[in-house]
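# Let me see the structure of the following:
(2 chains)
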Amino acid sequence: METYYNPADLAKFASVGEGNKKLMDKFFSWYNEVFAAGALSEREKALIALAVAHAVQCPYCIDAYTQSSLEKGATLEQMTEAIHVAAAIRGGASLVHGVQMKNVYQKLSM
Amino acid sequence: MVRHKSMQAFGEALANAETQLEIIQNRCTLPPFDETYQSIGEGPLTATGIEVFQVNVGKLCNQVCRHCHVDAGPDRREIMSRETMQLCLEALAKTDVPKVDITGGAPEMNPNFRWFVSEVKKLGRHVMVRSNLTILLAKGYEDLPEFFAAHGVEVISSLPHYTATNTDKQRGEGVFERSIEAIRRLNHLGYGQEESGLILNLVYNPVGAFLPPNQAGLEADYKRVLNVEYGVQFNHLYTITNMPIGRFLDYLIASGNYESYMQRLVSLFNPAAARNVMCRTTLSIGWDGTLYDCDFNQMLELKVGFGAPMHIKDFDFAQLRTRRIVTKQHCYGCTAGAGSSCGGAIA
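Sure, this is the predicted structure:
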């Protein structure tokens, strides 16, 4: 069955640089530095990435950052809480726009 | 689900070393380990000495862990005889090898285990025992902590995770709780306390098809959680990569993870780890006295090669300490990422 997403394609990520190596090199240089330990630990960064992967619904990123979280020592409980944070922000972001709905409702209603 | 018997007891194909090797060598296309190793520019992988006699005194065990590369269990009957232990002692006496690392199975279940430890100590060598902890609570073995302390034995114990869920998933229901109780007994004798000189090291294995985390970071987590939640202490944590051998190989294949796991090991080949693999300074002795480069080669029945003597009765220190190591594709397991050895990360 053909699908838009193929897990094997994740390993081909670097090939996206074939059209412009310079930009891709800059991206990976920055990307690798982002995920190095700093004020946040590598594990915290992997968990943030896992949560964001769910928010942006990127299957490649979910695949990569589930593995990365495990290899940074995260537990299933921590990973589950991380994606609940993503879900809460997504849900909350919809709900908070209810204020806008109410503003318009009040303006239009007698 | 946790097993109650070995793969061998069920006559499973993967209980056979030849079948395992056939899979490891041919199931997916990977660059040959020898070529990858030689790309770091040091020629073939060769021993640089012998600092550790790693003696596997048998496959008998009270546990049947899901990741066990030995396929050990209560049904296994291969154990080292006193005569073979005597040959090990005679070989050891001819050398200045400082450490003897006793493993299994549950090595304590070998009826000659205590005698062997005492004899090694008489030769003035440091003794390490790979204990699974729960054996220390089993009937007839309850005085082992005192025996270990009296002989100054370094205890190295698997505790795959600091949570009960993850540990029990790999090693069986209730193993975490019993392991904590065993650590308490060891702590009571001074194990894990800096000033006592009695060393208790724990071992982390990934509970699945992924590599271990950073050793120092995870050690800090283990120390914090085990101390705060359970009031127990230990000295160091070793993170060990699961080798694609035995029951872990079975798991990798059954779960559809084999190819991706092997490719990950290859992609994370680390020259610094490769330079320090433990086989360069270890001699592994099987239950029947056969010599191997490491415990993993032992389970794959890959004897020492390239002209080195293959049995402890023919022990030749000069020849063995400069021997060329026998390698196959599973060797990528020791060279990926921070590397892996019986003493944890190596790079």
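# Hmm, B:His126 is touching B:Val100, no?
Yes - counting by C-beta atoms under 8 Å, B:His126 does reach B:Val100; the two are 7.2 Å apart. From N, CA and C alone the C-beta is placed, and that goes for glycine too.
# more neighbours, these two?
Per other C-beta atoms under 10 Å in any protein chain shown, whichever of B:His126 and B:Val100 has more neighbours is B:Val100, with 24 against 16.
# What residues of the host helix or strand of that one count as buried?
Element membership of B:Val100, judged by DSSP states H and E, is strand B:99-103. Residues of strand B:99-103 classed as buried by neighbour count (16 or more other C-beta atoms under 10 Å in any protein chain shown): B:Lys99, B:Val100, B:Asp101, B:Ile102, B:Thr103.
# any idea which helix or strand comes after it?
That would be, after strand B:99-103 and using DSSP H and E, helix B:113-122.
# Run through who's touching whichever helix or strand comes after that next one.
Tracing the chain past helix B:113-122, the next element assigned as helix or strand by DSSP H and E is strand B:126-131. Contacting residues not belonging to strand B:126-131 are listed as B:98-104, B:106-108, B:117, B:120-121, B:144, B:148, B:151-158, B:342 [C-beta atoms under 8 Å, 6 or more residues apart in numbering or on different chains].
# Stretch B:333-343 too?
B:37, B:54, B:101, B:103, B:130, B:156, B:211-212, B:214-215, B:238-244, B:264-266, B:268-270, B:272-274, B:276-279, B:282, B:295-296, B:345-347.
# what's the average pLDDT for the biggest helix by length in chain A?
As assigned by DSSP state H, the longest helix anywhere in chain A is helix A:76-96. Per-residue pLDDT over helix A:76-96 has a mean of 97.
# Check which helices and strands whatever helix or strand comes next after that helix is in contact with.
Downstream of helix A:76-96, the next assigned helix or strand under DSSP H and E is helix A:98-108. Applying 3 or more C-beta pairs under 8 Å, 6 or more residues apart in numbering or on different chains; DSSP states H and E, one finds that helix A:98-108 contacts no other helix or strand.
# how far does helix A:98-108 sit from the chain's center?
How far helix A:98-108 lies from its chain's middle: 31 Å, per C-alpha atoms, centre = their mean, to the nearest Å.
# could you give the angle of it to helix A:76-96?
Counting by axes from the mean of the first three to the mean of the last three C-alpha atoms, to 10 degrees, helix A:98-108 lies at 10 degrees to helix A:76-96.
# May I see the buried residues of helix A:98-108?
Buried, per 16+ other C-beta under 10 Å, within helix A:98-108: nothing.
# Ok, stretch A:19-28 next?
Within stretch A:19-28, the residues that count as buried by 16+ other C-beta under 10 Å are A:Met24.
# now swap in stretch B:334-347 and tell me
Neighbour counts over stretch B:334-347 (16+ other C-beta under 10 Å) mark B:334-346 as buried.
# Could you do stretch B:293-302 as well?
With burial defined by 16+ other C-beta under 10 Å, the residues of stretch B:293-302 counted as buried are B:Asp293, B:Cys294, B:Asp295, B:Phe296, B:Asn297, B:Gln298, B:Met299, B:Leu300, B:Leu302.
# Of these, just say which sits nearest to B:Leu200.
Nearest to B:Leu200, judged by C-beta to C-beta, of the buried residues of stretch B:293-302 is B:Asp295 at 20.8 Å.
# Next, the distance between the ends of stretch B:101-121.
Chord length of stretch B:101-121, first to last residue, is 12 Å (C-alpha to C-alpha, to the nearest Å).
# Output the below-cut-off pLDDT ranges for chain B.
Applying pLDDT under 70 to chain B flags residues B:1-2.
# Output the contacting helices and strands for the longest helix of chain A.
helix A:42-55, helix A:59-71.
# Let's see that with 10 Å instead.
Contact analysis of helix A:76-96 by 3 or more C-beta pairs under 10 Å, 6 or more residues apart in numbering or on different chains; DSSP states H and E lists helix A:42-55, helix A:59-71, helix B:164-171 as its packing neighbours.
# How is the closest residue in space to B:Tyr258 that isn't next to it in sequence assigned, secondary-structure-wise?
Closest residue to B:Tyr258 apart from its sequence neighbours, by C-beta to C-beta, 6 or more residues apart in numbering or on different chains: B:Leu252 at 4.2 Å. Following DSSP: H, G, I helix; E, B strand; the rest coil, B:Leu252 is assigned to helix.
# circling back to that earlier point, which single one of the buried residues of stretch B:293-302 is nearest to B:Phe113?
When the buried residues of stretch B:293-302 are ranked by distance to B:Phe113 (C-beta to C-beta), B:Asp295 comes first, at 17.1 Å.
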